[in-house]
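**Student:** Make a model of this:
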Amino acid sequence: DEYRRFAEFAFKGEPVRVDIKVNQSFSEYTLIPAIKDLPSTVKGNVISVYVDEPMQFVLRLGNDIKSSRTMLAVFVDPPEMNVPNKNDPNVIWIEGWHEEPAKELYLTEGKTLYIAPGAVLNSRVIGAGSNITITGRGMIRDPEDTRTNNVHSRNYNINITNGSNIRIDGIKVVDCRFYHIYLGEVKNSEIYNVKIFSNQISTD
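**Tutor:** This is a model prediction of the structure:
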């Protein structure tokens, strides 16, 4: 969907300047949330935004608050911490574009799913049990073009049930046909810094 636009990077230390080249004419723009009052400048068709800490902001061109056609989300994350060991047998490591044969990836107790920066897991994630972690800076994308009647996934991008100590951190979840994240009968869970985009009529 051409209207889901985002960019991302990670940093720490000295403030940075984010240069955004706009490939269309514009006369005004807004940085959201306005309460952050982010400093910015314009030179030609480049908008420069000055960022001094990890944050998330949206650049909106013009003043049409109902249109997503002129919005760009920018995710400025801190560097990743506690990246799991790729060689750990309990770690499922995803790089590049990955799709499971049945378009469903199953997680059992004690498993960690790591989706590397830039990676896309084009499959739903189904888990049961405790001490399950889904982390990384990559993306989980709904693999279906339409809603399905699969009784296991029920169109959830992430579906974890009957467990405890579940952690979901840093990933992006995209275009789910129903709920992006569903935790059923789960205790002691943490969902942190997760970004959700959808071109579907869906909710969480």
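
**Student:** my guess is Gly170 meets Arg137, correct?
**Tutor:** Yes: between Gly170 and Arg137 there is a contact under Cβ atoms under 8 Å: 5.4 Å. For the C-beta atoms, the positions are set from N, CA and C on the backbone; glycine is no exception.

**Student:** Tell me how many other residues crowd the nearest residue to Val58 once chain neighbours are set aside.
**Tutor:** If the residues on either side of it in the chain are set aside, Val58 comes closest to Ile32, at 4.3 Å by Cβ to Cβ, 6 or more residues apart in numbering. Neighbours of Ile32 under the rule other Cβ atoms under 10 Å: 15.

**Student:** Please list all residues in contact with Ile32.
**Tutor:** Counting by Cβ atoms under 8 Å, 6 or more residues apart in numbering, Ile32 touches Phe57, Val58, Leu59, Arg60.

**Student:** And the pLDDT for it?
**Tutor:** pLDDT, Ile32: 93.

**Student:** Then the one 4 residues further on?
**Tutor:** Note for Lys36: predicted pLDDT of 93.

**Student:** pretty sure it is touching Val58, no?
**Tutor:** No: proximity of Lys36 to Val58 does not meet the contact threshold set by Cβ under 8 Å, at 10.7 Å.

**Student:** Of these two, give the one with the bigger neighbour count.
**Tutor:** Higher neighbour count among Lys36 and Val58: Val58, with 15 against 12, using other Cβ under 10 Å.

**Student:** Report the secondary structure state of that one.
**Tutor:** Secondary structure state of Val58, per DSSP: H, G, I helix; E, B strand; the rest coil, is strand.

**Student:** Run through the bridge partners of it.
**Tutor:** Ile32, Ala73 (DSSP bridges).

**Student:** That one and Gly127, how far apart?
**Tutor:** From Val58 over to Gly127 the distance is 31 Å, taken as Cβ to Cβ, to the nearest Å.

**Student:** And Met55, by the same measure?
**Tutor:** Met55 sits 30 Å away from Gly127, taking Cβ to Cβ as the criterion.

**Student:** out of these two, which sits in the busier spot?
**Tutor:** Taking neighbours as other Cβ under 10 Å, Met55 and Gly127 compare with Gly127 leading, 24 against 14.

**Student:** Leaving out chain neighbours, which residue sits closest to the more buried one?
**Tutor:** Nearest-residue entry for Gly127: Leu107, 3.6 Å, with adjacent residues in sequence omitted and distances by Cβ to Cβ, 6+ apart.
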